[in-house]
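In: take a look and give me a structure for this.
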Amino acid sequence: MQTVLIFREIRDAQAARETIVVLQDLLQKGQLQFRNPPPEPTVCCGRGCGVCVWEGFVTASETWRLDALSLLEQARGVGTFKESLS
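Out: Residues are numbered from 1 along each chain as shown. Prediction:
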């Protein structure tokens, strides 16, 4: 099930993209207002910098994911959100 991925920690850019799409859909279906997800980087030198812009995107996306889940849980009742997706 695609929604299962929203309960997994975001560890890369592809997981961030997929998770954001699913969560935005759930937020919209629940008619919940929430801030925009972090924007994807537009510039990367590709040299493997110690602190790459993509690492920042992944970290920001994980924070966004946790906050979005919290809002969804508040809207549906704590502890019932995950069960309602099963």
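
In: now do the helices in this protein.
Out: With DSSP state H as the definition, the chain shows helices at residue ranges 13-29, 53-76, 81-85.

In: could you dump those to TSV with mean pLDDT and distance to residue 7?
Out: Every C-beta, even on glycine, is put in place using the N, C-alpha and C of the backbone. Converted to TSV, the helices of the chain look like this (pLDDT from 0 to 100; distance: least, C-beta to C-beta, whole Å):
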stretch	mean pLDDT	distance to residue 7
helix 13-29	94	9
helix 53-76	94	8
helix 81-85	61	7
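
In: to residue 44, which of those helices lies closest?
Out: Closest to residue 44 of the helices of the chain, according to C-beta to C-beta: helix 53-76, at 5.5 Å.

In: who touches the closest one?
Out: Residues outside helix 53-76 that contact it (C-beta atoms under 8 Å, 6 or more residues apart in numbering): 6-7, 9-13, 16, 19-20, 23, 26-27, 30, 32, 34-35, 37-41, 43-44, 79-81, 84.
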